[in-house]
Each structure stands twice: as structure tokens, then as C-alpha cells.
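# Give the three-dimensional model of this entry:
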Amino acid sequence: MNKHEEMVMKTRKNILNSFIELWKEKGLENITIGALTKRAHLNRGTFYKYFDDIYDLMNHLEDETILFVKESINERFQNGLPEDFDEFSAGCAQIFAQNESTLMLLLNLPTFTNKLKQELVPLFMAKNPLLNNTPYPEYIEVYVFSTMTEMVKYWYYHDRQMDLKELFHLMQSLVLNGIMLFSDTKSFKDIQKQSI
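So this is what the prediction gives:
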């Protein structure tokens, strides 16, 4: 990589990082190009060399974050999903932790969660072929993805009440075993008996 390419990458990263900082501080709707270029110590013309507008920048941030997550999953689980449940939970937690603050901002945007689902669900389905043989796999995909993203958001915005690895372990336990695993009650018949 030559010096010009390094400078381009550094400037682009500076703009994206400044955008994320402003988003955390002021909220997405309050970010202007003027405030962004001031934070990044750049002029407006430099911004426009890299992005058309704030929406274009946001689109690039979403795409880069999804690419990072996909590449991390492929690298971490290149031989398929591990048989050991703890290893899988730890791997997912580690991938999430590497980009946690950006992911948490983006998970509040429906456009991002839709893109993320479109990219990640087929990736995990390919790594776990057992799910491909179930009836109505698209319902399982929606259930798993929606449950996990909402649990991550709940964890993040409620003072991170548990370790990240523990959170991923809990999510995956719920997906695999359902809520009955965490209850003394093992069936709906038992629930009906208890209510009489």
C-alpha cells in the first residue's frame, strides 16, 4: 500500500470514527456535515471526496460493519459451528465485542437490522445444515434473529447485567431449548395443573 492509499484510508476512518462519536453524543438526527467535519478536523470539500452526504456515510458504515461481522464469523467458524456450546458462545461474544459500540448504535436502525439479517441468516444456515431440513425455516430464522438482536439491545441498555459470553450462552440456550429449560415446569399440562 502506497502513502496516498494509506492517507485515503486514514481520512476515511477519521470521518467514520468522528461520525460514530457524534452519534453517541448528539443522536443521529442532530449530526450535520459541518459538525462532523469540525470534529474530524477536515474541511467540507474533503468530506465530499469520500461521501455524498450523511446517508451515504451511514450506508458505508452499515456495509463495513456487516462485512466485518461476516468475515469474523467465517474466520472463527471456518470449519462449521463447533460442537462445544461454550466455545460457540465465546466465539460469538468475541466477535460482537470487537465492534460493540458501533453495532449497538446500528441495531437501533431497521435498515441495518434488515441488512444484517439478510447477510447473517444464510451464513449461519450454511454452517448449520440441520436447520435446512426443518419445515418453514424462514420462521425459525425470523425467531432466532429477532430474539437475539432484542436480547442484545436489552442487555446493553440495562446496564449489562451479565458478562457478554454469559449473554450469548443464555441466548443460544433459549434458541436451542426454549424457555422451559429455565423453569421447573416442563409442559403446558404442568402449567395447567399448577393453576388449578
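
# surely residue 164 meets residue 97?
Yes - in this structure, residue 164 is within contact of residue 97 by C-beta atoms under 8 Å, at 5.8 Å. (C-beta placed from N, C-alpha, C; glycine too.)

# what's the burial count for residue 88?
By the measure other C-beta atoms under 10 Å, the count of residues near residue 88 is 17.

# Check which helices and strands the host helix or strand of residue 169 is in contact with.
Assessed by DSSP states H and E, residue 169 sits inside helix 164-177. In this structure, helix 164-177 packs against helix 85-97, helix 137-157, with contacts taken as 3 or more C-beta pairs under 8 Å, 6 or more residues apart in numbering; DSSP states H and E.

# Off-centre distance for the last one?
Pointing back at helix 137-157 there. On the basis of C-alpha atoms, centre = their mean, to the nearest Å, helix 137-157 sits 10 Å off its chain's mean C-alpha point.

# picking up where we left off before, redo the helices and strands packed on helix 164-177 as a markdown table? Include mean pLDDT and distance to residue 38.
Output for these, formatted as a markdown table (pLDDT from 0 to 100; distance: least, C-beta to C-beta, whole Å):
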| stretch | mean pLDDT | distance to residue 38 |
| --- | --- | --- |
| helix 85-97 | 84 | 31 |
| helix 137-157 | 86 | 29 |
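
# These: which one's closest to residue 107?
Residue 107 lies closest, by C-beta to C-beta, to one member of the helices and strands packed on helix 164-177: helix 137-157, at 5.7 Å.

# what is the orientation angle of that closest one with helix 85-97?
Taking axes from the mean of the first three to the mean of the last three C-alpha atoms, to 10 degrees, one finds that helix 137-157 is oriented at 60 degrees with respect to helix 85-97.
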